[in-house]
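Asker: Fold the following and give me the result.
(one chain, ligands or ions: 1)
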Amino acid sequence: MTGTQVGDKPLLLYACTGVDDNQWLAAMRRELPELDIRTLADDPPLEQVGMAFIWKYPAGLLASLPRLCVAFSLGAGVESILRDPDLREDVTVVRMVDPGLAIGMNEFVLMRVLHYHRQMPEHAENQRAHRWAPCVPPLPEDRRVGILGLGELGSRCARTLVNLGFDVAGWARSPRNIDGVTTFAGREQLDAFLARTEILVCLLPLTTATANILDRRAISTLPRGAYLINVARGQHVVDEDLLAALDSGQLRGATLDVFREEPLPSTHPFWSHAKITVVPHVSAITQVKSAARTVAANIRRYLAGQPLQNVVDRKLGY
Ligand code: GLV
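Answerer: The predicted structure follows:
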């Protein structure tokens, strides 16, 4: 149940790239002195690995871990792990739920909603033209913000916006109940949700059901002049349809933190589009300090034979 151990301590394989390994290893070892935490560079006995902490790991790695029981993801989005052909059915995948990541997302979404709500793109345009043109934003209660995806991050952003007085709606696969938020559920209510949303925030998990969800049809269901903030995955948005909507005025602006291909290729039209703000996938980063603590608590629960938290539903894909 608890994996295997080499010496007197259970073994955890750390296999992450794109993050500061030294910081992560130091934090994990500090939080979990009862574990033997090894990296691939330590040449660990892979056939003995029962638990792994992974992110953007080398292709084929999972095939070399015959006794893997639990894979802890360093990131919140687990679509690349679930798509790995070497992931066995009996491996439990745990997604990252990190207070630090949630704080970051909350800040970023709030910043961009306020940016659009307070008409900053118009002010920037007026400044470029040396034009003094005061404009009055509506009250937050008259600004309709929509959160696509009401998971851990989406529901937190929704609550923050409600507390500031915005008219907030949310859409999820199945019905949700969040105080002060008008919720819509399922494909049959997607259009009604979009039709009332002036500032749309995409915080969906990437699954076969949500890929390309923001296509021409969905974007044209938004009220004319709406804004998009995509902080989920690039694959949620059909790039050409987004560009066409910005060029036609259907959308007034977009903030994109995530892209189909990352890094965003230097020739991609998003870089130079006047109505697009490009951010290099930094809206919310898993924070070592808070996340290592959360993962450690979950691992300790597992080692004590208690149910793991934040387990991914392999069928739903998140
Ligand atoms: C980042 O995109 C994550 O999935 O945590």
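Asker: And stretch 269-281, what's buried?
Answerer: F270, H273, K275, I276, H281 (16 or more other Cβ atoms under 10 Å). Every C-beta, even on glycine, is put in place using the N, C-alpha and C of the backbone.
Asker: Do me a favour and get the end-to-end distance for that stretch?
Answerer: Length of stretch 269-281, first residue to last, Cα to Cα, to the nearest Å: 17 Å.
Asker: same question, stretch 247-265
Answerer: Length of stretch 247-265, first residue to last, Cα to Cα: 21 Å.
Asker: max-length helix in the protein?
Answerer: helix 99-117 (DSSP state H).
Asker: need the next SSE after that helix, C-terminal direction.
Answerer: Counting by DSSP states H and E, the element after helix 99-117 in chain order, helix or strand, is helix 120-128.
Asker: Give me the contacts around that following helix.
Answerer: With contact meaning Cβ atoms under 8 Å, 6 or more residues apart in numbering, helix 120-128 is reached by H115, W132, A133, C135, R252, G253, K275.
Asker: Let's see which of those end up in strands.
Answerer: Counting by DSSP state E, the contacts of helix 120-128 place R252, G253 in strands.
Asker: Format the contacts of helix 120-128 as TSV; extra columns: distance to the ligand and pLDDT.
Answerer: Putting the contacts of helix 120-128 into TSV (distance: Cβ to the nearest ligand atom, whole Å; pLDDT from 0 to 100) gives the following:
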residue	distance to the ligand	pLDDT
H115	21	98
W132	41	98
A133	38	97
C135	35	92
R252	26	98
G253	22	98
K275	24	98
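Asker: between the contacts of helix 120-128, which is closest to R300?
Answerer: Distances from R300 to the contacts of helix 120-128, taken as Cβ to Cβ, are shortest for H115 (41.1 Å).
Asker: ok, now which ones touch the closest one?
Answerer: Residues near H115 by Cβ under 8 Å, 6+ apart: P121, T255.
Asker: Helices of this structure, residue ranges please.
Answerer: 21-31, 79-82, 99-117, 120-128, 152-163, 190-195, 216-221, 239-248, 288-303.
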